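*Asks:* 3D model of this:
(2 chains)
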Amino acid sequence: MRPLTEDETKIFFEKLSKYIGDNIKLLLDRPDGNFCFRLQKDRIFYVREDIMKKATCVDPKHLLSIGTCFGKFTKTKRIRLHITALDYLAPYAKFKVWLKPNAEQQFLYGHHVMKAGLGRITENTSQYQGVVVYNMNDLPLGFGVAAKSTELCRQCDPMSIVVFHQADIGEYIRSEEMLI
Amino acid sequence: MADLVESILREEAEKESKYKTIFVEKDADVEIDEGNLLACDPNPIDVKLFKSNKDDFINNLARDNTQLLFNQLWMLPVERVDNTVLAKLPKAKTLIPREKRLPKPRPETKWEKFAKAKGIHKKKGKDKMAWDEQHKEFRPRYGYNRANDDTKDWLIEMKSNAADDEDPFEKRITERKERRAKNELQRLRNIARSQYGGKVPGVGLTPVEKPNKDQLGRALVLAKKSTASLGKFTERLPKEKNTVKGKKRKFEPCVGDMKKEKDKQLRILKTLSHAVPINVAKAASHFMSQEPDERYVFYTKF
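*Replies:* Sure, this is the predicted structure:
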C-alpha cells in the first residue's frame, strides 16, 4: 500500500474529472475527517486516514481491500473506474442521464443506452463526456460516456446509441469476483 | 429611286445593329493591364438594369470591356508572322501573388549556430584555385589534382619522437581519411538535427588510438552493461565500486505528512484545471442553447 505518485495522481484525476469536474476538491478536502487515496495491487482505494493507518498492520500480500475501491490501473497505466466508485461520483456528477423505466433493465444487464430509453439528459453535454446514469427516481444506476452531444441526441433515430455503458450496479451480482 | 435609298438605309441600320460599334463610352476609364490581358471595370453597376435582365446585362458589359481591352491591344506594335497578327505585350502592371509559399530558409548547421552566437564572421572566401609552387600553375584548392597536395610529397622529414615503425606517408593519408569521415558524420548529424527537432543521440564511444583514463573508465562501464541483463550479474573485482546502477523506484511513505500529500494533490488538480483547453463544440452548444429564451431549462426531455 502506498500513496499515488505524481504521474499516477495526474492520470487518476484526469479520469475522475471527466465525471465530477473540479469537485475532486471536495473529495480531498473534507470537513468530516482526513481521507486519502492509496494504491494497493494496482487498485486505487479512497480511505479514511485512521483506517488506512490500521491497515498498515496487514501484510500487503494479504490485504484485499480497504475503504472504497475507485478503480484500477490497467497494465498500460490507464485507469478503469469500478462501479464501487459510483457512491462518490453520483453526488458530485456534473453531467447526468436519466433512463426511462423500461430501459433500466437493459442498462443493468450491461447494454449501452439507446435514444429510445433516454428520459432526460443534462443540457450542453458534449460528445464523449463522462456521465452518471440515473433512473427516473434519481437512483444512480451506473456511469458511462455520452456517445452523442445533447444537440445530436435530439435529432438521432430511436435505435442509435446515446450513452456508452461503462459500469452499472448490476455488476455487483454479475461480476462479483472482479469487483475489487 | 426612293425605294433604293430606303432599302440601303435599312440595310445600313441592320448592319449597325448586328455589329456593335468599337467605340465604347464609360464614365470612369477601365483599367487595362495589357501584360496580363486584364481589364478592371471600376464603374458601379446599375442595379435596376441588372435586375431587369441579368444575362443580357452581363453579356453586354463583358462585350464592352473586352472591346476596350482589344482596342488597347491594337495600339500595341504589331507584326505579322505566317498570316497571323502578333502583338508584343508590355510588362504586366498588376502584381500577382506567388503560387507557392516562400521557401523555408536552410536549417543552420551547428557551427553556423555557434558562430552566430559568438559573433564569428566568415573571412573573405578563399579562391577556388590556388597557386601550386611546385608545378608553377594554378590548381584547384581542394579535391582531385589539388594544389600543394601534402600526400603527394616524395620526401617527409621524420620527427625525432616518432615511432620506429611509423610510415609518415601512410599517416597523412589515414589522417585525411579520418578528417573526411568526421566531416561526413557531422554533416549527417546536422541533417538529423534539422529533422528531429534539435536532438540527436550521441555516437557513444568511438575508438581512439591512445584512450585516456576517463575514456577507459567509460568504456569499462559500457562493456559491463552490455549484457542481456544490463550488467546485473557481471562480476566485480573485490574492491571495485558498483558502476552499473539502476534507477531505484522511490515512493512517498504510506503514513507520512497527510497535509503535505493533500496540498500536493490539490496543486496537481489546479494545474489540471488550467490545462483544460476550451472545448469549441461545448462552447458553441452552450451559446446555441442560450439563444432561445429558455434559460431555466436545464434538461432536455424526450
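
*Asks:* can you pull the contacts of residue 28?
*Replies:* Using chain A here. For residue A:28, the residues meeting the contact criterion (C-beta atoms under 8 Å, 6 or more residues apart in numbering or on different chains) are A:35, B:262, B:265-266, B:269. In short, each C-beta sits where N, CA and C put it, glycine included.

*Asks:* wrong one, I was asking about chain B
*Replies:* B:42-43.

*Asks:* go again using 10 Å as the cut-off
*Replies:* In this structure, residue B:28 makes contact with B:41-44, judged by C-beta atoms under 10 Å, 6 or more residues apart in numbering or on different chains.

*Asks:* contacts for stretch A:64-71?
*Replies:* Contacts made with stretch A:64-71 from outside it, assessed by C-beta under 10 Å, 6+ apart, are listed as A:1, A:12, A:15-16, A:27, A:35-38, A:40-48, A:51-52, A:54-56, A:58, A:78-89, A:167, A:179-180.

*Asks:* out of the contacts of residue B:28, flag the one nearest to chain A.
*Replies:* Sorting the contacts of residue B:28 by distance to chain A puts residue B:44 at the head of the list, at 43.9 Å, by C-beta to the nearest C-beta.

*Asks:* can you read off the pLDDT for the closest one?
*Replies:* pLDDT recorded at residue B:44 is 90.

*Asks:* confirm it sits in a helix?
*Replies:* No - when the secondary structure is assigned by DSSP: H, G, I helix; E, B strand; the rest coil, residue B:44 falls in coil instead of a helix.

*Asks:* for it, what are its contacts?
*Replies:* Going by C-beta under 10 Å, 6+ apart, the list of residues near residue B:44 reads B:27-28.

*Asks:* ok so, going back, what about the contacts of residue B:28, which one has the most neighbours?
*Replies:* With neighbours set by other C-beta atoms under 10 Å in any protein chain shown, the maximum within those is found at residue B:41, which has 17 neighbours.

*Asks:* surely that one touches residue B:64?
*Replies:* Yes - the pair residue B:41 and residue B:64 passes the contact test of C-beta atoms under 10 Å, sitting 8.5 Å apart.

*Asks:* list residues touching both of these two?
*Replies:* With the criterion set as C-beta under 10 Å, 6+ apart, the overlap between the contacts of residue B:41 and residue B:64 is B:26, B:30.

*Asks:* for the contacts of residue B:28, which one is nearest residue B:9?
*Replies:* Of all these, the one with the least separation from residue B:9 (C-beta to C-beta) is residue B:43, at 33.6 Å.

*Asks:* per-domain residue ranges of chain A.
*Replies:* Following automatic domain parsing, one gets these domains for chain A: A:6-89, A:95-174.

*Asks:* please identify the most buried of these.
*Replies:* The highest average neighbour count among the domains of chain A, using mean count of other C-beta atoms under 10 Å in any protein chain shown, belongs to domain A:95-174 at a mean of 18.

*Asks:* residue boundaries of the helices in chain A?
*Replies:* If you assign secondary structure with DSSP state H, the helices in chain A sit at A:6-20, A:24-28, A:49-55, A:86-92, A:101-108, A:150-155, A:171-174.

*Asks:* quick one: find the helix or strand in chain A with the lowest mean pLDDT.
*Replies:* Sorting the helices and strands of chain A by mean pLDDT, DSSP states H and E puts helix A:150-155 at the bottom, at a mean of 86.

*Asks:* other SSEs contacting that one?
*Replies:* Secondary-structure packing of helix A:150-155 (3 or more C-beta pairs under 10 Å, 6 or more residues apart in numbering or on different chains; DSSP states H and E): strand A:118-122, strand A:161-168, helix B:280-290, strand B:299-301.
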